[in-house]
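Visitor: give me a model of this one.
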Amino acid sequence: MGKKYRYHEAFRPTGTNVNFVQVAEKDKIFIRTYERGVEEETLACGTGTISSAILAVRQKQCSLPLKVKSPAGFMSVRFDDPISEIILEGDVKEIYSGELING
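Guide: Numbering: from 1, shown residues only. Down below sits the predicted model:
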């Protein structure tokens, strides 16, 4: 379904990232992201996590700090109101390394 909405006519010409969010508890959501440019589901997405957290708090009355579970693990999001500072915290894992060769 991510690919379907990523290319939806409402987001033309460049498309969009697609986040699927489930409220698990008052202070916890689950998120999965189909990411533009990658054209697949990704393990985590910072902007998707933050925007989903903001909507969960504002539309679903979730509480802060909000725990966010993605395929990569848990993160925590908090922000003030009106939003002037957003804090995203979580573990960092290297999942890939590569070498760019010129020419």
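
Visitor: pLDDT value on K93, please?
Guide: pLDDT recorded at K93 is 84.

Visitor: return the helix or strand in the chain with minimum mean pLDDT.
Guide: helix 2-6 (a mean of 92; mean pLDDT, DSSP states H and E).

Visitor: distance between the helix or strand just after it and the chain's centre?
Guide: Downstream of helix 2-6, the first helix or strand assigned by DSSP states H and E is strand 18-25. Strand 18-25 has its C-alpha centroid displaced from the chain centroid by 10 Å (C-alpha atoms, centre = their mean, to the nearest Å).

Visitor: between strand 18-25 and the following helix or strand past strand 18-25, find me the angle.
Guide: Under the assignment DSSP H and E, the closest C-terminal helix or strand after strand 18-25 is strand 28-35. Here strand 28-35 points in a direction 170 degrees away from that of strand 18-25 (axes from the mean of the first three to the mean of the last three C-alpha atoms, to 10 degrees).

Visitor: now do the buried residues in strand 28-35.
Guide: K28, I29, I31, R32, T33, Y34, E35 (16 or more other C-beta atoms under 10 Å). Where C-beta positions appear, they are placed from N, C-alpha and C, glycine not excepted.

Visitor: pLDDT and distance to H8 added to these, as JSON lines?
Guide: Listed next are the buried residues of strand 28-35 as JSON lines, based on pLDDT from 0 to 100; distance: C-beta to C-beta, whole Å:
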{"residue": "K28", "pLDDT": "98", "distance to H8": "28"}
{"residue": "I29", "pLDDT": "98", "distance to H8": "23"}
{"residue": "I31", "pLDDT": "98", "distance to H8": "19"}
{"residue": "R32", "pLDDT": "97", "distance to H8": "17"}
{"residue": "T33", "pLDDT": "97", "distance to H8": "16"}
{"residue": "Y34", "pLDDT": "97", "distance to H8": "12"}
{"residue": "E35", "pLDDT": "95", "distance to H8": "15"}
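
Visitor: which of those residues lies closest to I101?
Guide: E35 (25.3 Å; C-beta to C-beta).

Visitor: out of everything not next to it in sequence, what's closest to that closest one?
Guide: Distances taken as C-beta to C-beta, 6 or more residues apart in numbering put T42 closest to E35, at 4.4 Å, once the chain neighbours are dropped.
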